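Q: only geometry, no sequence info:
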């Protein structure tokens, strides 16, 4: 019976993955899981951005069109960034620059190039770039959370030695040798004939960090104070996490011959710039709120005054109507009294007339009898 070799082993969690493969074939063509995960992440980013756009009254189709351009130029930017800071690996073989299947993409290069692409797109379409970045990067950060698992399937982008709960052992034979450090090799262990390095699973750290950041950005989106707020929070949140995680990794891109990791420098710069812009944005938002509150108070006072004038006018109109009604009532009562008096006088006159006629008739009768 053939024994499977364990290639990835979370030693403290008891999780083992044997005979790990990084690709599969369709005919004679190799399909890499790395690429499949990246493609899925791009579609996930577009889906999330479209949902957020719809809920915030934007046209979701805008993001579908923008995503095409952003992905193309984002990949170019990510590659150029990586090559620029690892030039020694490419200067003697320039054709290798175009070999994307060999790996070598830097996320910050993609973020910078994608953001510039969005800026140009919005300028042409006359869209609000800050609102576009807010909406788009809610999806981007979730895509980064899932996209980091492409590093897991490729057994790359890990950190130095650790014994923590999430410590991960990797089969040295399947790891890119450029990512191995002397410290890792000196701590290498052999189990059942397989040599392992034990490392920080930095892909997992960043995936979880980005997932938490996604939740934060999603919550802020519902109550943001100004356009650009979500994007600036992304730059700060991702920058802090990346600075920490980059310090653990063994495949850092360095500035020249120094030991300074370029991603840590970029993280600090972007964090500082985003923080300044965030403070300015919040200050302006408070000023706008203050102006709106003042305008609202003035409008409320004006409305209140108008309402009081209307109430007073209505009161006066009611009093005048009531007075007119009383006057009308008195007039009617006077007319009724006059009519009653006239009727009484007519009745009295009629009575006197009848009495007079009766006396006349009686007198005539007496005269006839005497005669």
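A: Yep, it's here. Model, not experiment: these values are computed from the prediction.
Q: in the helix or strand hosting residue 63, what counts as buried?
A: Using DSSP states H and E, residue 63 sits in helix 60-84. Going by neighbour count (16 or more other C-beta atoms under 10 Å), the buried part of helix 60-84 is 60, 62-63, 66-67, 70-71, 73-75, 77-83. Where C-beta positions appear, they are placed from N, C-alpha and C, glycine not excepted.
Q: And for stretch 223-240?
A: Buried residues in stretch 223-240, counted by 16+ other C-beta under 10 Å: 224, 226-239.
Q: what about the helices in the stretch 1-150 of the chain?
A: Here the stretch 1-150 of the chain has its helices, by DSSP state H, counting those that start in this stretch, at 33-55, 60-84, 107-125, 129-147, 149-153.
Q: Quick one: low-confidence residue ranges for the stretch 51-200 of the chain.
A: Flagging of the stretch 51-200 of the chain using pLDDT under 70 yields the residue ranges 101-103.
Q: With the stretch 251-371 of the chain instead?
A: By pLDDT under 70, the low-scoring segments of the stretch 251-371 of the chain are 364-371.
Q: what's the neighbour count on residue 105?
A: For residue 105, the count of nearby residues is 18 (other C-beta atoms under 10 Å).
Q: how close does it get to residue 79?
A: In this view, residue 105 and residue 79 are 6 Å apart by C-beta to C-beta, to the nearest Å.
Q: Could you measure from the closest residue to residue 8 other than its chain neighbours over to residue 167?
A: Nearest residue to residue 8 in three dimensions, chain neighbours excluded: residue 17, at 4.1 Å (C-beta to C-beta, 6 or more residues apart in numbering). Using C-beta to C-beta, we find residue 17 at a distance of 15 Å from residue 167.
Q: repeat for residue 347
A: If you go by C-beta to C-beta, the gap between residue 347 and residue 167 works out to 124 Å.
Q: These two - which one has more neighbours?
A: Neighbour count, other C-beta under 10 Å: between residue 347 and residue 167, residue 167 has more, with 17 against 10.
Q: tell me the contacts of the more buried one?
A: By C-beta atoms under 8 Å, 6 or more residues apart in numbering, the contact set of residue 167 is 10-12, 198-201.
Q: ok so, going back, buried deepest among the helices of the stretch 1-150 of the chain, which one?
A: Mean neighbours per residue, mean count of other C-beta atoms under 10 Å, is largest over these for helix 129-147, with a mean of 24.
Q: Now do the same contact list for residue 236.
A: 270-271, 274-275, 278.
Q: could you point out which element follows the helix or strand where it lies?
A: Assigning secondary structure by DSSP H and E places residue 236 in helix 229-246. Following helix 229-246 in sequence order, the next helix or strand is helix 262-370 (DSSP H and E).
Q: so how far does stretch 172-183 reach from one end to the other?
A: One end of stretch 172-183 sits 14 Å from the other (C-alpha to C-alpha, to the nearest Å).
Q: Buried residues of that stretch, list them for me.
A: 172, 174-175, 179-180.
Q: which residue is nearest the centroid of the protein?
A: The residue lying closest to the centre of the chain (C-alpha atoms, centre = their mean) is residue 221, at 2.7 Å.
Q: Not counting its own residues, what contacts the one helix or strand that one maps to?
A: Assessed by DSSP H and E, residue 221 sits inside helix 202-222. Here helix 202-222 makes contact (C-beta under 8 Å, 6+ apart) with 52, 56, 134-135, 137-138, 141-142, 144-146, 148-149, 151-152, 157-159, 166, 168, 229-230, 233-234, 237-238, 241-242, 245, 248-249.
Q: before we move on, back to that, among the helices of the stretch 1-150 of the chain, which is nearest residue 291?
A: Among the helices of the stretch 1-150 of the chain, helix 129-147 comes nearest to residue 291, with 19.8 Å by C-beta to C-beta.
Q: Residue 170 in helix, strand or coil?
A: Here residue 170 is strand, with the state taken from DSSP: H, G, I helix; E, B strand; the rest coil.
Q: if we can go back for a sec, which residues sit against the helix holding residue 63?
A: Applying C-beta under 8 Å, 6+ apart, the external contacts of helix 60-84 come out as 42, 45-46, 49-51, 53-54, 90, 97, 100, 104-114, 116-118, 121, 125, 127, 132, 135-136, 139, 253.
Q: could you give the angle of that helix to helix 129-147?
A: Following axes from the mean of the first three to the mean of the last three C-alpha atoms, to 10 degrees, one obtains 60 degrees for the angle between helix 60-84 and helix 129-147.
Q: Now find how far off-centre helix 60-84 is within its chain.
A: With C-alpha atoms, centre = their mean, to the nearest Å as the basis, helix 60-84 stands 21 Å off its chain's centre.
Q: cool, and stretch 135-152?
A: The chain centre lies 16 Å from the centre of stretch 135-152; the measure is C-alpha atoms, centre = their mean.
Q: what angle sits between the helix holding residue 63 and helix 33-55?
A: Taking the same axes, to 10 degrees, one finds that helix 60-84 is oriented at 140 degrees with respect to helix 33-55.
Q: follow-up on the earlier one: tabulate the contacts of residue 167 in CSV, adding columns for distance to residue 25 and neighbour count.
A: Compiled in CSV, those are given as follows (distance: C-beta to C-beta, whole Å; neighbours: other C-beta atoms under 10 Å):
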residue, distance to residue 25, neighbour count
10, 28, 16
11, 32, 17
12, 35, 15
198, 32, 20
199, 29, 26
200, 32, 20
201, 28, 23
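Q: Looking at the buried residues of stretch 223-240, spot the one nearest residue 289.
A: residue 226 (10.3 Å).
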